[in-house]
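Colleague: Quick one, fold the following:
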Amino acid sequence: MASRMISAGVLSLALFSTLAQPSFAGGLDRGGYNIDLLFDQSRFSAQSAVIYVMPQRELENVKDNTARRGNLSGRPNSADETENYAVPYVGFKAGYEAVDCLFDYSEPFGVHTNPGVNWAGANSNVETKVDTENYAATCSYKFDVGPGQLRLIGGAFYQRLDGFQEKLVAVLPPRFGTGIGRLDIADESGGWRAGVAYEIPEYGVRASLVYNSRVKYDDLTGTLNLSQVAGGAIIPVAGSAEAPDSLELKLQSGIAPDWLAFGSVKWTNWSLLQSIPFCPTNGLACPAGGITSLDLAYRDGWTVVGGVGHKFNDQWTAALSLTWDRGTSDGYGSQTDTWLVGAGAAYNPTENVEWRVAGSLGVMTSGESGTFTRDGVTYGNDATYTFGNDLVAAVSTSIKVKF
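Modeller: Coordinates of the predicted model:
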């Protein structure tokens with residue numbers, strides 16, 4: 001009798017843990033990769049979701065480290081670095097006997113910082129924005145093993161990237177332009193994923209391990225626009241970079257009638273991204289380190305989530321979670337450890353429709369960004385700064401239709 005009571009509650013909770021809270025991770029992480037809709041028990045299901053994130057990182061005690069582009073010491077020594085952003089998701093899942101397939105659109109990676117030009121660190125960043133679009137197909141085959149089912153997972157995805165970075169290249173009189181240089185880049189590439197999962201549906205048990213491959217952007221091309229600098233021009237440039245591979249373990253289990261515990265551990269290979277140099281493609285010589293570069297100096301990211309969910313009745317379900325994300329900045333940049341508390345609720349007006357809403361509030365921990373050298377490349381030689389413990393908040397909503 002107890003097992004039936006657990007089953008009745010956890011079946012509706014099993015996928016709710018997916019959007020128990022919005023996330024805010026390090027590196028260029030936005031929505032990340034999410035294939036949990038693949039496990040939906042319905043033959044067909046469609047889901048649309050959006051997460052809106054509001055980080056509030058403020059840089060303080062900013063110092064201009066070089067006078068070669070003009071002395072900025074007279075400008076404000078603090079700035080609001082981050083911008084709010086939204087992350088959409090759309091997925092459709094279809095199943096036939098032992099095979100399930102998921103087709104989805106997501107925006108896994110991105111960043112948007114915009115401290116502006118009126119701060120002492122404008123030599124290092126005026127505005128940086130990177131966006132990605134990801135189109136994926138993921139399928140699985142399941143078969144009976146012991147008391148549950150083993151599921152083999154495989155898929156592929158096509159990804160597009162575009163972005164820009166603006167810096168103050170020179171402090172000039174107004175008649176010579178703004179003095180801002182702008183790097184624009186874009187490319188497209190593909191990747192793959194593979195994984196395995198084991199499920200015992202009547203107890204809400206599922207363990208999954210999924211690997212997402214690197215995405216090699218070998219033809220990252222664009223322009224370096226120096227037209228706002230006296231004597232400057234628009235120079236075509238090219239470089240290469242890799243979006244990181246990742247490995248994620250997710251666990252969940254019914255722990256009592258109408259109660260579910262869930263957790264996950266994710267590793268992301270952000271240390272792939274250090275300094276990304278760009279060289280001219282118009283025949284000009286390329287200096288060491290490129291004519292310009294996108295400097296990140298990341299370390300690997302780790303994200304750990306734990307939580308619990310409860311089904312109150314056939315219409316209402318709720319969950320609480322705690323997330324720790326290890327910051328990817330390693331002495332350069334402002335991406336330190338983040339702690340988040342999340343809460344969410346799901347409402348089922350009918351057995352075929354589910355509406356979810358969730359929110360989280362967290363702390364981005366304090367730190368500093370300074371000058372150091374790694375692998376012969378010097379980081380932080382434009383500006384140094386500190387930052388305190390800052391708040392980050394997020395909300396999300398989604399609707400799922402099953403048929």
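
Colleague: which SS class is G32?
Modeller: Secondary structure, DSSP: H, G, I helix; E, B strand; the rest coil: G32 is coil.

Colleague: so who does the closest residue to it other than its chain neighbours touch?
Modeller: Closest residue to G32 apart from its sequence neighbours, by C-beta to C-beta, 6 or more residues apart in numbering: P108 at 5.4 Å. Every C-beta, even on glycine, is put in place using the N, C-alpha and C of the backbone. By C-beta atoms under 8 Å, 6 or more residues apart in numbering, the residues touching P108 are D29, R30, G31, G32, Y33, T132, N134, Q159, A243.

Colleague: so which pair among those is furthest apart in space?
Modeller: Across the contacts of P108, no pair lies farther apart than D29 and Q159, at 14.0 Å, counting by C-beta to C-beta.

Colleague: So which of the two has more stuff around it?
Modeller: Neighbours were counted for D29 and for Q159 using other C-beta atoms under 10 Å; D29 has more, 24 against 21.

Colleague: Look up the pLDDT of that one for me, please.
Modeller: pLDDT, D29: 83.

Colleague: Show the backbone phi and psi for I180.
Modeller: phi -90, psi 130 (degrees, to the nearest 10).

Colleague: let me fix that: D36
Modeller: According to degrees, to the nearest 10, D36 has phi -70, psi -20.

Colleague: Now do the same for it: its pLDDT.
Modeller: 92.

Colleague: and it, how many neighbours does it have?
Modeller: Neighbours of D36 using other C-beta under 10 Å come to 20.

Colleague: T66 now?
Modeller: 13.

Colleague: so it makes contact with D382?
Modeller: Yes. At 6.3 Å, T66 counts as touching D382 under the criterion of C-beta atoms under 8 Å.

Colleague: who touches both of these two?
Modeller: N123.

Colleague: Could you list the low-pLDDT ranges of the stretch 1-150 of the chain?
Modeller: In the prediction, the stretch 1-150 of the chain carries residues with pLDDT under 70 at positions 1-25, 67-70.

Colleague: the helices in it, which residues?
Modeller: Remark: helices assigned in the stretch 1-150 of the chain by DSSP state H, counting those that start in this stretch are 2-13.

Colleague: Let me see the ranges of the strands in it.
Modeller: 44-55, 58-64, 79-80, 85-96, 99-106, 110-113, 127-145, 148-168 (DSSP state E, counting those that start in this stretch).

Colleague: other SSEs contacting the second one?
Modeller: Yep, that's strand 58-64 we're talking about. strand 79-80, strand 383-387 (3 or more C-beta pairs under 8 Å, 6 or more residues apart in numbering; DSSP states H and E).

Colleague: Check the offset of the shortest one from the chain's centre.
Modeller: Centroid separation for strand 79-80 versus its chain: 22 Å, with C-alpha atoms, centre = their mean, to the nearest Å.

Colleague: Check stretch 191-206 too.
Modeller: Counting by C-alpha atoms, centre = their mean, stretch 191-206 comes out at 23 Å from the chain centroid.

Colleague: what pLDDT, on average, does it get?
Modeller: On average, stretch 191-206 scores 94.

Colleague: quick one: buried residues of it?
Modeller: 191, 193, 195, 197-206 (16 or more other C-beta atoms under 10 Å).

Colleague: Tell me which stretches of the stretch 251-400 of the chain form strands.
Modeller: 259-268, 275-280, 292-295, 301-311, 316-325, 338-350, 353-364, 367-369, 372-374, 377-379, 383-387, 390-402.

Colleague: and A297, what is it in contact with?
Modeller: Counting by C-beta under 8 Å, 6+ apart, A297 has contacts Q274, S275, S329, D330, G331, Y332, G333, R374, Y379.

Colleague: Now flag whichever of the buried residues of stretch 191-206 is closest to V304.
Modeller: Looking across the buried residues of stretch 191-206 and measuring by C-beta to C-beta, the closest to V304 is R206, at 17.8 Å.

Colleague: Not counting residues beside it along the chain, what's closest to the closest one?
Modeller: E199 (4.7 Å).

Colleague: which ones are touching the residue nearest to Y89 when sequence neighbours are not counted?
Modeller: Spatial nearest neighbour of Y89, chain neighbours left out: A49 (4.4 Å); criterion: C-beta to C-beta, 6+ apart. If you count contacts by C-beta under 8 Å, 6+ apart, A49 has them with L19, P88, Y89, V90, R356, S396, T397, S398, I399.

Colleague: okay, now the residue lying closest to A318 once chain neighbours are set aside: neighbour count?
Modeller: Spatial nearest neighbour of A318, excluding adjacent residues (C-beta to C-beta, 6+ apart): A345 at 4.7 Å. By other C-beta under 10 Å, the residues close to A345 number 16.

Colleague: list the contacts for W339?
Modeller: Contacts of W339 by C-beta under 8 Å, 6+ apart are L322, T323, W324, D325, G362, V363, T365.

Colleague: Could I get the pLDDT score of the fifth one?
Modeller: Per-residue confidence for G362 comes out at a pLDDT of 93.

Colleague: dump the residue contacts of it.
Modeller: Per C-beta under 8 Å, 6+ apart, neighbours of G362: F24, T323, T338, W339, L340, V341, L391, V392, A393.

Colleague: follow-up on the earlier one: wait, which of the strands of the stretch 251-400 of the chain is closest to G163?
Modeller: Nearest of those (C-beta to C-beta): strand 292-295, 8.6 Å.

Colleague: rewinding a little: is it possible to export the strands of the stretch 1-150 of the chain to CSV including distance to G179?
Modeller: Shown next, in CSV, are these (distance: least, C-beta to C-beta, whole Å):
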stretch, distance to G179
strand 44-55, 28
strand 58-64, 14
strand 79-80, 17
strand 85-96, 27
strand 99-106, 38
strand 110-113, 19
strand 127-145, 14
strand 148-168, 6
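
Colleague: Show me the one of those that comes nearest N282.
Modeller: Closest among the strands of the stretch 1-150 of the chain, using C-beta to C-beta: strand 148-168, at 19.4 Å.
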